[in-house]
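> fold the following and give me the result.
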Amino acid sequence: MSISKVKKVSESVVTMTELVLPHHTNQLGNLLGGQLMHWIDICAALSSLKHSQRVCVTASVDRIDFHHPIKLGDVVTLTAAVNRAFRTSMEVGVKVTAESLKDGKITHTNTAYLTFVSLDDNGKPVETFEIEPETEDEKRRYEEALLRRQSRLGYKNF
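Below is the predicted model of the structure:
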């Protein structure tokens, strides 16, 4: 990369908190999947913006895993961070937890991986900063992001 600045993963962390209200739920009182995907996309976009210091657009969503339902009245916390930066793109991971205020139980409900591309003032892809993982978890996510990217790029052959 020609951009010399290297940023730490911790500099890209964004945490959002949302309260699940009736208009966010389905007939079962569970958070709508589309509403959660919207929150995930916003949280990930903010993380990519913090990293690149530029407007970023969603290029792909690799996967969103729904492990447990999120209920009406739960407090949802979304935590996003850039896992790895490539030339103009970056993978952002988002972890979602739900807290029941009735019993204080916190449950990891969802995980998502999204790819964002940073844009210049003319809306064209532009190189972004490199990223340096520090912790063991950040290093693991950094390596796994490359594997997901290789797999994603392999899909273009179909």
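
> residue 127 belongs to a strand, doesn't it?
No: counting by DSSP: H, G, I helix; E, B strand; the rest coil, residue 127 is not found in a strand; it is coil.

> run a quick neighbour tally on it.
The tally of other residues near residue 127 (other CB atoms under 10 Å) stands at 17. C-beta: built from backbone N, CA, C; applies to glycine.

> thinking it is in contact with residue 85, fair?
No: with contacts counted by CB atoms under 8 Å, residue 127 stays clear of residue 85, the gap being 9.3 Å.

> show me where this structure has its helices.
Under the criterion DSSP state H, the chain contains helices at 33-52, 136-154.

> among the ones you listed, show me which one is buried the most.
The highest mean neighbour count among these, using mean count of other CB atoms under 10 Å, belongs to helix 33-52: a mean of 20.

> pull the CA atoms of that one into CSV?
Extracted in CSV, the C-alpha atoms of helix 33-52 (Å, rounded to 0.1, in the frame of the first residue of the first chain):
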residue,chain,number,x,y,z
GLY,A,33,-33.8,-9.9,11.2
GLY,A,34,-33.9,-7.0,8.7
GLN,A,35,-33.8,-4.5,11.6
LEU,A,36,-30.7,-6.2,13.1
MET,A,37,-29.0,-6.3,9.6
HIS,A,38,-29.7,-2.5,9.3
TRP,A,39,-28.0,-1.9,12.7
ILE,A,40,-25.1,-4.2,11.8
ASP,A,41,-24.5,-2.3,8.6
ILE,A,42,-24.5,1.1,10.3
CYS,A,43,-22.2,-0.1,13.0
ALA,A,44,-19.8,-1.7,10.5
ALA,A,45,-19.9,1.4,8.3
LEU,A,46,-18.9,3.6,11.2
SER,A,47,-16.0,1.3,12.0
SER,A,48,-14.8,1.4,8.4
LEU,A,49,-15.1,5.2,8.4
LYS,A,50,-13.1,5.5,11.6
HIS,A,51,-10.4,3.4,10.1
SER,A,52,-10.2,4.9,6.6
